[in-house]
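**Q** coords below, sequence missing:
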């Protein structure tokens, strides 16, 4: 079972059971963002989580190895087109230099890691229109001088 | 005075005075991300903030209009190259579909606005390596059905 | 049933019944542009509209969920090639800066939403050549200052 | 005087006089969209309108020829980046096939001209948020069969 | 029957019958360029021509609708690679500005339509090497001023 | 004097003298398309024509060498944006395969040369709208078999 | 039988028989480069050569027409990636302007034809490392002046 | 003196003296292709050749270092547009796979070097049209197995 | 058996046997990098190594020829997206000019061969985080002067 | 003094003093790769190193701040063209998947950092042709699971 078959199977079983990503995440004891990214083939799962997922969704046993396989991450469009994803791209375009200035100002020359990295997504009820709160948390890595 | 001259002048005066973006933001009573983006020409300032900035940095009076002008936002590279900004782009690539799934799950069909939008950037001290915390807060806009 | 199968089924049934998009829209009580975009997989339908469409076109019952699914919007060509669609792209190229100037002049710094957005398409009979009238109606979103 | 110098001069004189594009258009008796596009170098003006503009803005007399010159229309980014213009591009991407279906359904095989074309831009006051109304009016051109 | 199947069927039947595009065009009473473009899926045929083609090539009856369907025109390579087609692209590149100057000089500000447009292709025998004569005939469309 | 300076000088002198490209071509006894392409730096002139041009437009004597220099032909946009030039590109896209079929049918395997090539551009008065007639005449070059 | 099937069949039969391209070329009395390009679908064969090839490789009789069909030439990568082909691309990049200068110096304004063109590829034994000798022979085509 | 200034100076002095690239090459005792590529900034010269060139063209003494500097080779267009250079690119596209097959057949798995590489360009008089003969000679480099 | 089928078969057999690339390399007596690249279709194997691999993994006998076939090397993304591979691309972007300076300083004008080239990859245990050590070893090739 | 002026000044002073990058690195007690990258504007220097460089090369005192400024890293060509740099890009293309397999095999799911990263470049004398040895040393960063 490869990652493509795995994703299809997960999406199918999730719909058939009326589950949510948050529910699946809670059931296996991991966070919603990480769990969803594993189910969409963008991260590998450790054995415990893989087995929990397979049991929960009654996937074939070959799914354990597929969940544990290290993915080759890729995305189809260098500039994304789906409006929800494009808005994130636009934020990087518009605020990228601002974020660079402020991260450098606080931490020095280096980057925020996208590997040693976690994220949460929340909804904030608001009478003037609900809001989406995205929190990214990445390790600061200073450039090496040698 | 156009935006390019404005940015150059601000960066120069900021360096000459040994100011930080956070310090400038505090002085004009606005947030650091928004203030920095205005100073880098990526947002327009209302008159009060524009005048406060001009006074603080002793910019020429024509800078008020330049700060208030509505910018044409653009970025040079469709796929950014600077490692700090690329990591943000990579996060959109790797986690874009995950974020789409979770925002839809919580809020329905729609997007997180990049216009009715605020952001903060914080540093979290951590003995195993400091961390950067980016918090994005955007209004959820449901697709219209008509 | 995924969106691709859905679109194919709708187009087939529409042709078999000799229906028009306008006729389908009238039958389900929604506008022609929105209805067509739903049938081409570019918008999701609420349950009532989805069920009305399935009944009208005698689609399989799994089509209800497919119509209600939130689509990932995309288009094949960054610069469109079909002459009808290219002319729209050309209008954005030629008149984009003009539209930016006039929208800013009337409403201030912000954008016209493509999400909280409706459109109508009409034909105007004219002895010197009929004309197409496209009316776009989008919410003005001012940039947040924080 | 070439188009680039012309545009710069117009923008300067407009700002110095505190004029609006709508005001300029009214003064020369043409529409705001067309007038703005001429002033941004995207259309040529007939002699009367060119002279009226030069008089109104007290431009040098060589500006008459520059306004009357037939422009080479171009835009810098195949996929626009400024959020206001990108939203228009996104509308073409998301609704392009829908518009193609409906224009063909109403008028047959052909296109909406972007040359024999006019546009208006209006603001509609609305307690739940003002709206921008864009109306495009283009001649339908049927494909020749020979 | 979609356009792709249609084209394949036509090419096959044409070869099986030893017909030429010129012969097919003559048989249905239309021009060779238009007829070929219809058979390659780049134009739609009116009912009479569609039925004549179907009869001539003994295509299945569903081919009538396929011939009459309004095509979505597209081409695979933004910059064509086949040497014959590239030479045409090169002519547009090398002589495009010259053609713009001369069409403007003769007709004013506007374009040559590619929709209200016909073309013929002829061979001229020549002892020093035969020549290809391409004649394009498009309606001049002046830019609207409003 | 390089090609860029040459073109600028020619355009200036042409405007100052109220000349047309057709008039210039007639004065030096060459065709309008070739003459315009030489003046826009897309072809080199033989000595007689170069000297005639320099005399007619009273260009500096260094312009003779500049007119005779073999140009490096290039164009800025792989996909042209000016509507007049784009329509020509679109014709190549839409009718390229048709032209390939018909040229092969008449002449065999080979191409129409863009080097051993001439072109004329004419206006045809027409009560239903004037028409532009473009005639391309290129040597047929058969592929070598060896 | 289309070109893709043809190529696959030829490659298979060549391997099965342990033939070389040079051997095939010698057997049909044509050059190795031309013969290989025909077998890879990049050139069309005249009837005699096509029949000889079909006989030699015991291809199905429909292969004669496939070999004689005029190909649509294309290549997958605008910038080739295979190191052997990239080196040829690099030579064009590094030495293209040099070749332009020297061909113009020897022959005047014009090009080396890629259509009326032949090529040979040889190996030269050399104690310090064998060498590849590529000889291109193309007709010089002068630009037409008219 | 950088490479850009160097090239400009050489081209100027060459024209002023009525020299040819072949003449310059003969005078410094090197081949025309290599000499031209050095003068166009695409190769570095050893000291003797650099000094001979400077003396011959009476260049400033700083030109010796500029000629000896190791260039950063680049070309403006990934797909060249000048017709002479494009034909070379087209040859790589059309015959690239053929050349790969034949070089592998003669020499095994490896490439023809573009670094340990020489080239000559000759004109062959021919009553049916002169021909350009390009001879490339590159070291065969076998892939290392380790 | 083509390269794609070969790679799939190897990956399957490797997983089924619980082998590592290092283990496979050791078993056939070649280096891990070269062996892996052969198994991923990026290099050809000599007969001995091919037979050893086929025997070790119990591949079908046609795999010997597939392993010995000279591959057409290619990669899907001009700018890689998988984070591990992108970091290597970024190193070339950030340090490419530095590497050019230092290789030229040590060896003169020329390049490091990617053909006569070997590589090793090692892990270095480190209490502050393990490290990856990549060692590239390529023949220096000086530019030919002729 | 910005980075561009800084680089130019350093290159000039280095040449004037006949220094090498290795010599400069030794003088300031840092490694050659890091020192060169700082001097080419691709890394920032800590104060001590910046001052040592300024003193060694007798740069203006404003160069200290320029050397310490955090650079925005970028490179002009997504696919490099200079042959030396292209070979490095080709290595990433050809061996990227191999390196991914082996790093994962040794270290698990994660990447080699390009930030916590050092490199050395050495020349190895070899009678059959000198060799370039590039050693990259990057921290292994495992993907976070949360």
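**A** That came through, no problem. All figures in this text were calculated on a predicted structure; none of them were measured in a lab.
**Q** Those residues of chain A touching chain D, which are they?
**A** A:79, A:81, A:83, A:86, A:90, A:93, A:94 (CB under 8 Å from any CB of the partner chain). Quick note: C-beta positions are derived from backbone N, CA and C, even for glycine.
**Q** show me what contacts residue A:49?
**A** Applying CB atoms under 8 Å, 6 or more residues apart in numbering or on different chains to residue A:49 gives the contacts A:28, A:29, A:30, A:35, A:38, A:67, J:145.
**Q** tally of neighbours for the closest residue in space to residue A:42 that isn't next to it in sequence?
**A** In space, and not counting its chain neighbours, residue A:42 is closest to residue B:94: 5.4 Å by CB to CB, 6 or more residues apart in numbering or on different chains. The local packing of residue B:94 (other CB atoms under 10 Å in any protein chain shown) involves 23 other residues.
**Q** residues touching residue B:94, list them.
**A** With contact taken as CB under 8 Å, 6+ apart, residue B:94 is in contact with A:37, A:42, A:73, A:75, A:114, I:83.
**Q** Sort out which of those are buried, if you could.
**A** Buried members of the contacts of residue B:94, counted by 16 or more other CB atoms under 10 Å in any protein chain shown: A:37, A:42, A:73, A:114, I:83.
**Q** Let me see the contact set for the residue nearest to the spatial centre of chain A.
**A** The centroid of chain A falls nearest to residue A:37 when counting by CA atoms, centre = their mean (4.1 Å). When contacts are counted by CB under 8 Å, 6+ apart, residue A:37 touches A:43, B:94, B:95, B:98.
**Q** Swap in 6 Å and give it another go.
**A** Taking CB atoms under 6 Å, 6 or more residues apart in numbering or on different chains, we find residue A:37 in contact with A:43, B:98.
**Q** So it, which state does it fall into?
**A** What DSSP: H, G, I helix; E, B strand; the rest coil gives for residue A:37 is helix.
**Q** so how far is chain C from it?
**A** 16 Å (CB to the nearest CB, to the nearest Å).
**Q** Ok, residue A:26 next?
**A** Residue A:26 is 22 Å from chain C, by CB to the nearest CB.
**Q** tell me which strands and helices the helix or strand encompassing that residue is in contact with?
**A** Residue A:26 belongs to helix A:21-28 when assigned by DSSP states H and E. Judged by 3 or more CB pairs under 6 Å, 6 or more residues apart in numbering or on different chains; DSSP states H and E, helix A:21-28 is in contact with helix A:32-39, helix A:47-57.
**Q** Kindly reformat those as TSV containing mean pLDDT.
**A** Below are the helices and strands packed on helix A:21-28 laid out as TSV (pLDDT from 0 to 100):
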stretch	mean pLDDT
helix A:32-39	98
helix A:47-57	98
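**Q** and of these, who's closest to residue F:123?
**A** Closest approach to residue F:123 among the helices and strands packed on helix A:21-28 (CB to CB): helix A:32-39, 62.4 Å.
**Q** What ranges does chain A have for its strands?
**A** For chain A, the strands defined by DSSP state E occupy A:110-124, A:131-142.
**Q** can you redo the ones you listed as a markdown table with distance to residue D:3 and mean pLDDT?
**A** Listed next are the strands of chain A as a markdown table, based on distance: least, CB to CB, whole Å; pLDDT from 0 to 100:
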| stretch | distance to residue D:3 | mean pLDDT |
| --- | --- | --- |
| strand A:110-124 | 43 | 98 |
| strand A:131-142 | 43 | 98 |
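**Q** export those to JSON lines and tack on distance to residue A:48?
**A** Output for these, formatted as JSON lines (distance: least, CB to CB, whole Å):
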{"stretch": "strand A:110-124", "distance to residue A:48": "18"}
{"stretch": "strand A:131-142", "distance to residue A:48": "23"}
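**Q** right, so of those strands, which gets closest to chain G?
**A** Chain G sits nearest to strand A:110-124 of all these, at 26.9 Å, using CB to the nearest CB.
**Q** by contact count, what packs against that closest one?
**A** The contact analysis (3+ CB pairs under 6 Å, 6+ apart) places strand A:110-124 against strand A:131-142, helix B:83-107.
**Q** starting at the chain centroid, how far to that strand?
**A** Distance, stretch centre to chain centre, for strand A:110-124: 9 Å (CA atoms, centre = their mean, to the nearest Å).
**Q** Give me the residues contacting that strand.
**A** Taking CB under 6 Å, 6+ apart as the rule, strand A:110-124 contacts A:33, A:130-131, A:133-143, B:83-84, B:87, B:90-91, B:102, B:106-107, B:132, J:111, J:115, J:141, J:143-144, J:146.
**Q** next one: stretch A:14-34
**A** With contact meaning CB under 6 Å, 6+ apart, stretch A:14-34 is reached by A:35, A:36, A:49, A:52, A:53, A:56, A:119, B:98, B:101, B:105, J:146.
**Q** Give the closest residue to the fourth one in space, chain neighbours not counted.
**A** By the measure of CB to CB, 6+ apart, the closest residue to residue A:52 outside its immediate chain neighbours is residue A:28, 4.1 Å from it.
**Q** okay, now the domains of chain A?
**A** If you go by automatic domain parsing, the domain ranges for chain A are A:3-68, A:83-142.
**Q** in stretch A:40-53, what counts as buried?
**A** Buried-residue list, stretch A:40-53, by 16+ other CB under 10 Å: A:40, A:41, A:42, A:43, A:44, A:45, A:49, A:50, A:51, A:52, A:53.
**Q** Of those residues, which is the nearest to residue C:60?
**A** Closest to residue C:60 out of the buried residues of stretch A:40-53 is residue A:40 (27.0 Å), distances taken as CB to CB.
**Q** List the contacts of that closest one.
**A** Each residue near residue A:40 by CB under 6 Å, 6+ apart is listed here: A:7, B:97, B:98.
**Q** Dump the residues you listed to TSV, plus neighbour count.
**A** Listed next are those as TSV, based on neighbours: other CB atoms under 10 Å in any protein chain shown:
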residue	neighbour count
A:7	16
B:97	21
B:98	23
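**Q** Return only those of the residues you listed found close to chain I.
**A** For chain I, no contacts are drawn from the contacts of residue A:40 by CB under 6 Å from any CB of the partner chain.
**Q** okay, now the residue in chain A that chain I sits nearest to: neighbour count?
**A** Across chain A, no residue is closer to chain I than residue A:74, which sits at 4.4 Å (CB to the nearest CB). By the criterion of other CB under 10 Å, residue A:74 has 15 neighbours.
**Q** cool, the one 4 residues further on as well?
**A** Neighbour count of residue A:78, defined by other CB under 10 Å: 16.
**Q** Name the nearest residue to it, ignoring sequence neighbours.
**A** Spatial nearest neighbour of residue A:78, chain neighbours left out: residue B:79 (5.4 Å); criterion: CB to CB, 6+ apart.
**Q** Ramachandran coordinates for that neighbour?
**A** When read as degrees, to the nearest 10, the backbone of residue B:79 gives phi -110, psi 110.
**Q** and of the helices and strands packed on helix A:21-28, who's closest to residue E:11?
**A** With respect to residue E:11, and counting by CB to CB, the nearest of these is helix A:32-39 at 45.4 Å.
**Q** returning to that earlier point: next, find the distance separating the residue nearest to residue A:78 from residue A:113.
**A** Using CB to CB, to the nearest Å, residue B:79 is found at 19 Å from residue A:113.
**Q** Neighbour count for those two, which is higher?
**A** Remark: of residue B:79 and residue A:113, residue A:113 carries more neighbours, 22 against 15, as counted by other CB under 10 Å.
**Q** Starting from residue F:81, give me the distance back to that one.
**A** For residue A:113, the distance to residue F:81 equals 41 Å [CB to CB].
**Q** What lies in contact with stretch A:56-74?
**A** The contact list for stretch A:56-74, computed with CB under 6 Å, 6+ apart, reads A:1, A:3, A:6, A:9, A:13, A:27, A:41-42, A:44-45, A:50-51, A:54, B:94, I:81-82, J:104, J:109.
**Q** and the residue of chain A nearest chain C?
**A** For chain A, CB to the nearest CB, closest residue to chain C: residue A:81, 4.5 Å.
**Q** Burial check on that residue, number of neighbours?
**A** Neighbour tally, residue A:81, other CB under 10 Å: 20.
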